[in-house]
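[1] Please work out how this folds:
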Amino acid sequence: MEPADESVRAELTRLRESIDNIDAAVVHMLAERFKCTQQVGRLKAAHRLPPADPAREARQIARLRQLAESARLDPGFAEKLLNFIIAEVIRHHETLARNDNGTRPAR
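    As a prediction, the model looks like this:
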């Protein structure tokens, strides 16, 4: 295999820098999302509400699948990603429910 010419390497670098920026944005957006879900978890724990809300989760999955389709992203992939996130959120909510009914500060 012969080495790519300079223009190909430059385009590859440009694309990879864009990917790196998008990855950073995704991480920051997830952090913001988890800040909000921690507040939800504390509220649920304080009022002894269940950590999971299957009806809400189903609505969110359906909504995300539609968004994915309109964005030309595989809806199955989007659903898997959201299910992974939801499982982590529920785990956090269960932890909050066990710890002082949501009154203990989140870490």
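
[2] list the contacts for Ser70?
    Taking Cβ atoms under 8 Å, 6 or more residues apart in numbering as the definition of contact, Ser70 has no neighbours. Where C-beta positions appear, they are placed from N, C-alpha and C, glycine not excepted.

[3] Distance of it relative to Val26?
    As for Ser70, its distance to Val26 is 19 Å (criterion: Cβ to Cβ, to the nearest Å).

[4] Now the strand or helix carrying Phe34: average pLDDT?
    Assigned by DSSP states H and E, Phe34 falls within helix 6-46. Averaged over helix 6-46, pLDDT sits at 97.

[5] Going by contacts, tell me the helices and strands next to it.
    helix 75-98 (3 or more Cβ pairs under 8 Å, 6 or more residues apart in numbering; DSSP states H and E).

[6] what does the helix it packs on contact?
    By Cβ under 8 Å, 6+ apart, helix 75-98 touches 30, 33-34, 37-38, 40-42, 44-45, 48, 51-52, 57, 60-61, 64-69, 102, 104, 106.

[7] redo that, cut-off 10 Å
    For helix 75-98, contacts defined as Cβ atoms under 10 Å, 6 or more residues apart in numbering pick out 30, 33-34, 36-38, 40-46, 48-54, 56-57, 60-69, 71, 73-74, 102-104, 106-107.

[8] how far does that helix sit from the chain's center?
    8 Å (Cα atoms, centre = their mean, to the nearest Å).

[9] Residue numbering should commence at 464 henceforth.
    OK, 464 is where the count begins now, so the last one is helix 538-561.

[10] Convert the C-alpha atoms of that helix to PDB, please.
    The C-alpha trace of helix 538-561 is given here as PDB (Å, rounded to 0.1, in the frame of the first residue of the first chain):
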ATOM      1  CA  PRO A 538     -33.300   4.100  14.600                       C
ATOM      2  CA  GLY A 539     -32.200   0.700  16.000                       C
ATOM      3  CA  PHE A 540     -28.800   2.200  17.000                       C
ATOM      4  CA  ALA A 541     -30.500   5.300  18.500                       C
ATOM      5  CA  GLU A 542     -32.800   3.000  20.500                       C
ATOM      6  CA  LYS A 543     -29.900   0.900  21.800                       C
ATOM      7  CA  LEU A 544     -28.100   4.100  22.800                       C
ATOM      8  CA  LEU A 545     -31.100   5.500  24.700                       C
ATOM      9  CA  ASN A 546     -31.800   2.100  26.400                       C
ATOM     10  CA  PHE A 547     -28.200   2.100  27.600                       C
ATOM     11  CA  ILE A 548     -28.600   5.700  29.000                       C
ATOM     12  CA  ILE A 549     -31.900   4.900  30.600                       C
ATOM     13  CA  ALA A 550     -30.500   1.900  32.300                       C
ATOM     14  CA  GLU A 551     -27.700   4.100  33.800                       C
ATOM     15  CA  VAL A 552     -30.300   6.700  34.900                       C
ATOM     16  CA  ILE A 553     -32.400   4.100  36.600                       C
ATOM     17  CA  ARG A 554     -29.300   2.700  38.400                       C
ATOM     18  CA  HIS A 555     -28.600   6.300  39.600                       C
ATOM     19  CA  HIS A 556     -32.300   6.700  40.700                       C
ATOM     20  CA  GLU A 557     -32.200   3.400  42.600                       C
ATOM     21  CA  THR A 558     -29.000   4.500  44.400                       C
ATOM     22  CA  LEU A 559     -30.600   7.800  45.300                       C
ATOM     23  CA  ALA A 560     -33.700   6.000  46.600                       C
ATOM     24  CA  ARG A 561     -31.600   3.800  48.900                       C
END
